[in-house]
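>>> Structure for the following, please:
(chains A and B)
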2 protein chains.
Amino acid sequence: MVATRARILNTSSELFGRQGYAGTGMNEIVAKAEAALGSIYHFFPGGKDQLCEETIRASGRIYLELIEAVLDEASDIGQGVDDFFSGAAAQVVATDFADACPIATIALEVASTNEDLRRATADVFESWLNAASQRLEQAGIAPLQARRLSLFALSALEGAFVLSRAQRNVDAIDAAGSYVTAVIREALPRSRRQRREPGDEPRN
Amino acid sequence: MVATRARILNTSSELFGRQGYAGTGMNEIVAKAEAALGSIYHFFPGGKDQLCEETIRASGRIYLELIEAVLDEASDIGQGVDDFFSGAAAQVVATDFADACPIATIALEVASTNEDLRRATADVFESWLNAASQRLEQAGIAPLQARRLSLFALSALEGAFVLSRAQRNVDAIDAAGSYVTAVIREALPRSRRQRREPGDEPRN
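Next up, the predicted model:
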């Protein structure tokens, strides 16, 4: 039972992320998840809206763990941000430009049409921003600037996903990653900055 | 006749931009455009796909003219980029967080599902990137760096639109605009840089 529920959420996350909320039918989700239509309404009695909200929150938590892991495993925050953009580019290529941000497509669709779902996307973005801000603060950046840097970095990542999926190349993710990393390194207190390697800087 | 066609395209641009391609029905478009259902198939015999492709290209041209006008009217390219982000924030607020990028919602929906529409969104993004790159080159930046700066700036803007619509505030657009403007000013040849005012820099 738990396995079926998890399989439904995995499938809905993939389909909503790739083709959006309105473009994905419940029948398509159960077929791909190899579940019965009845089981989807058993686990999600509120129907598509409930499934979508739980999908947003579940994939938001998975992506949060990824953000935390990549930033924490790096030697410093600048490297962590650089690694995150590189990993995102690799994932986009590996999925033939299908899987980028799990919630952005839904976020744009529902922002003006479904208040519960909009709030779920806002909560998820907030959790990602907090994770990034915390780590920027730990690296010695003042709270207000850490918040603004996180908003800037997440904006650049989300927009680069839009461009990369549309253009079917990762030029936007590469460019955004280079400049965001450079801005974050510049914002670190001098004592915390790592020596810069040529590859860390935006190429001219 | 021309007026009806234009009214349909205005309406489809607004509805596709706000709620996406799959979430917008032809009936909803004709009702809001005060047109007959027959007229939409008269002007767009290819149906919803044709209407959507023409909508993407038409709203892409309008936004291109806006990009060109704002960048060309400013005293320098840094100010122009700053003005563009400020104007975008004002527009998002004025429309109650509904109207941001006219094609991003569709771009994410169709990237993996409709090759003709994906190509239309890629063409439009390319036209915006070219307009920005040209102006960065005119300001003395080398072509490859101008291209990368344009990809970075458009990514930051597009992602800030996603966050701002979801969060119902313009913090992301403000933050992205400040940092992108600062990066572009930094990239200008020294002789072309304007004296910086305190408000031009990311706040700490």
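>>> does chain B sit close to the longest helix anywhere in chain A?
Counting residues, the longest helix in chain A under DSSP state H turns out to be helix A:47-73. No - residues of helix A:47-73 are not located near chain B by C-beta under 8 Å from any C-beta of the partner chain, the shortest gap being 10.3 Å. (C-beta placed from N, C-alpha, C; glycine too.)
>>> Which positions in that helix come out as buried?
A:48, A:51-60, A:63, A:66-68, A:70-71 (16 or more other C-beta atoms under 10 Å in any protein chain shown).
>>> Could you count how many residues lie near A:Thr113?
When counting by other C-beta atoms under 10 Å in any protein chain shown, one arrives at 15 neighbours for A:Thr113.
>>> Leaving out the residues flanking it, which one is nearest to it?
Of all residues not flanking A:Thr113 in the chain, B:Gln19 sits nearest, at 5.0 Å (C-beta to C-beta, 6 or more residues apart in numbering or on different chains).
>>> List the residues that contact that neighbour.
A:Ala22, A:Glu109, A:Ser112, A:Thr113, B:Thr105 (C-beta atoms under 8 Å, 6 or more residues apart in numbering or on different chains).
>>> Repeat that for A:Phe161.
So A:Phe161 contacts A:Ala88, A:Val92, A:Ala100, A:Cys101, A:Ala104, A:Ile173, B:Gly159 (C-beta under 8 Å, 6+ apart).
>>> Can you give me every residue that contacts the fourth one?
Right, the one you point to is A:Cys101. A:Gly17, A:Tyr63, A:Leu157, A:Glu158, A:Phe161.
>>> With B:Leu144 as the reference, measure out to the residue nearest to A:Asp171 when sequence neighbours are not counted.
Leaving aside its chain neighbours, A:Asp171 sits nearest to B:Leu151 (5.7 Å; criterion: C-beta to C-beta, 6+ apart). To B:Leu144, B:Leu151 is 11 Å away according to C-beta to C-beta, to the nearest Å.
>>> When the two are compared, which one has more neighbours?
For the pair B:Leu151 and B:Leu144, the greater number of neighbours falls to B:Leu151 (28 against 11), based on other C-beta under 10 Å.
>>> Looks like that one contacts A:Leu163 (just checking).
Yes - between B:Leu151 and A:Leu163 a contact is recorded at 6.7 Å, counting by C-beta atoms under 8 Å.
>>> and for these two, which residues touch both?
A:Asp171, A:Ala172.
>>> What about A:Gly46, how many residues nearby?
For A:Gly46, using other C-beta under 10 Å, the count is 12.
>>> Show me the residue at the heart of chain A, geometrically.
Centrality entry for chain A: nearest residue to the mean C-alpha point is A:Cys101, 4.1 Å, by C-alpha atoms, centre = their mean.
>>> so which helix or strand takes in that one?
Remark: A:Cys101 resides in no helix or strand, with elements defined by DSSP states H and E.
>>> how far away is it from A:Ala88?
For A:Cys101 relative to A:Ala88 (C-beta to C-beta), the value is 9 Å.
>>> ok now do the residue nearest to A:Val70 when sequence neighbours are not counted, which residues does it touch?
In space, and not counting its chain neighbours, A:Val70 is closest to A:Phe84: 4.8 Å by C-beta to C-beta, 6+ apart. The contact partners of A:Phe84, by C-beta under 8 Å, 6+ apart, come to A:Ile67, A:Val70, A:Leu71, A:Leu157, A:Gly177.
>>> Buried residues, the helix or strand where the last one lies. List them.
Put plainly, it is A:Gly177. For A:Gly177, the host element (DSSP H and E) is helix A:171-187. Of the residues in helix A:171-187, A:171-185, A:187 count as buried by neighbour count, 16+ other C-beta under 10 Å.
>>> Thank you, goodbye.
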